[in-house]
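Undergrad: Next comes the sequence, and after it the predicted model I'd like to discuss.
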Amino acid sequence: MGFFDKLFGKKEKENLDAGLQKTKEGFFSKITKALAGKSTVDEEVLDNLEEALVSADVGIETTIQIIERIEARVKENKYLGTSELNTLLQSEIKNVLVDADDTSYKNFEVPADKKPYVILVVGVNGVGKTTTIGKLAYNYKKAGHNVILGAADTFRAAAVDQLTIWSDRVGVPIVKQAMGSDPSAVAYDTVQSAVARGSDIVIIDTAGRLHNKAHLMDELSKIKRVIQKVIPTAPHEVMLILDGSTGQNAVEQAKQFTAATDVSSLTITKLDGTAKGGVVLAIANQFKIPVKFIGVGEKLDDLVIFDKNEFVDSLFKLD
């Protein structure tokens, strides 16, 4: 039984295994093919392994990095059996995943010196941003914390309506204004309300527009400035939500948002419906930003806390 099983239970581990099923089936069929009839890791095996990684959307840069490290081990050991390749590959995949400095999120804890803890959520429309906020609110509330939501995506009436539905469903308060209101004003009111209420967690939704990066940067910067009038150290976290099923498009979105603001954590959604789960590796490695959560379904419990050891264990485990 691994760390993840002990801390979060069998159900969460099963969710992770099931969520990665499509990715690992495609990935393993290619690895099996790469090793067919081989007793040692040679150039052909490495070429086929490279193809398997790229097709799982691990990305060219990350794939080359992994292959080069395996090549170095092959040269160093002179002889490397294919039976050892899986273990070595797992180790190298773990090496490209970034650990978060603060691991309190793994228990849905709140850092004692950062209350209320303010999370600014960014990401384009349609990636599961609002759903993820609802799931976060649910899990933090379940862990015993007072949570408040801020509907600062005032560009779309649907965004405010959707977040309101989640606030009702989870049973947490929400601060909102009319469509077209100043997003920074909503953020300010949310944080001010959180302080007055003694809230532990503040989760603020933001607009997901990428058509004008300069405008996005200005909007997010303004939101940060007004929040800091109430809590000088906030936001404590800027979480980028990415749709894992879009593969390399998610990488491009990460480029845009990391250029526009200081993204400090990632949540990758919709991994249950795609064979492109390797994009988690590509994004985490390229941007050196820790993945904190992955979404593997629509239910409240389908937000899985990311642990790289358990992620790799699930990726290499066929039922």
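TA: Happy to help now that I have it.
Undergrad: what residues are up against residue 92?
TA: Shown in contact with residue 92 (CB atoms under 8 Å, 6 or more residues apart in numbering): 66, 69, 70. Backbone N, C-alpha and C define where each C-beta goes, glycine included.
Undergrad: could the residues you listed go into a markdown table alongside distance to residue 220 and pLDDT?
TA: Listed next are the contacts of residue 92 as a markdown table, based on distance: CB to CB, whole Å; pLDDT from 0 to 100:
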| residue | distance to residue 220 | pLDDT |
| --- | --- | --- |
| 66 | 33 | 92 |
| 69 | 36 | 90 |
| 70 | 40 | 88 |
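Undergrad: Show me where the stretch 1-150 of the chain has its strands.
TA: Applying DSSP state E, counting those that start in this stretch to the stretch 1-150 of the chain gives strands spanning 117-122, 147-151.
Undergrad: Give me the pLDDT for the residue lying closest to residue 295 once chain neighbours are set aside.
TA: Leaving aside its chain neighbours, residue 295 sits nearest to residue 269 (3.6 Å; criterion: CB to CB, 6 or more residues apart in numbering). Looking at residue 269, its pLDDT is 91.
Undergrad: can you check residue 186 too?
TA: pLDDT at residue 186 comes out at 97.
Undergrad: hang on, isn't it packed against residue 159?
TA: No - checked against CB atoms under 8 Å, the pair residue 186 and residue 159 is beyond contact range at 11.3 Å.
Undergrad: Please identify which of those two sits among more neighbours.
TA: A direct count of neighbours by other CB atoms under 10 Å for residue 186 and residue 159 places residue 186 higher, at 25 against 22.
Undergrad: show me the residues around that one that make contact.
TA: With contact set as CB under 8 Å, 6+ apart, residue 186 has these partners: 150, 151, 152, 154, 175, 176, 177, 204.
Undergrad: For the contacts of residue 92, which single residue is the most surrounded?
TA: Result: residue 66 is most packed of those (other CB under 10 Å), 23 neighbours.
Undergrad: wait, it sits on residue 56?
TA: No - taking contacts as CB under 8 Å, residue 66 lies outside contact range of residue 56: 11.4 Å.
Undergrad: I'd like the distance from stretch 23-42 to the chain centre, please.
TA: Relative to its parent chain, stretch 23-42 has a centroid offset of 28 Å by CA atoms, centre = their mean, to the nearest Å.
Undergrad: for stretch 117-124, same thing?
TA: 12 Å.
Undergrad: what do you get for stretch 299-306?
TA: For stretch 299-306, the distance to the chain centre is 11 Å (CA atoms, centre = their mean).
Undergrad: Quote the end-to-end distance of it.
TA: 17 Å (CA to CA, to the nearest Å).
Undergrad: What lies in contact with that stretch?
TA: Contacts of stretch 299-306 (CB under 8 Å, 6+ apart): 4, 8, 11-12, 15-16, 19, 105-106, 132, 134-136, 138-139, 170, 267, 272, 290-296.
Undergrad: Out of the residues you listed, which end up buried?
TA: 4, 8, 12, 15-16, 19, 105-106, 132, 134-136, 138-139, 170, 267, 272, 290-296 (16 or more other CB atoms under 10 Å).
Undergrad: Report the helix or strand with the lowest average pLDDT across this structure.
TA: helix 3-8 (a mean of 43; mean pLDDT, DSSP states H and E).
Undergrad: for the contacts of residue 92, which one is nearest residue 194?
TA: residue 66 (42.7 Å; CB to CB).
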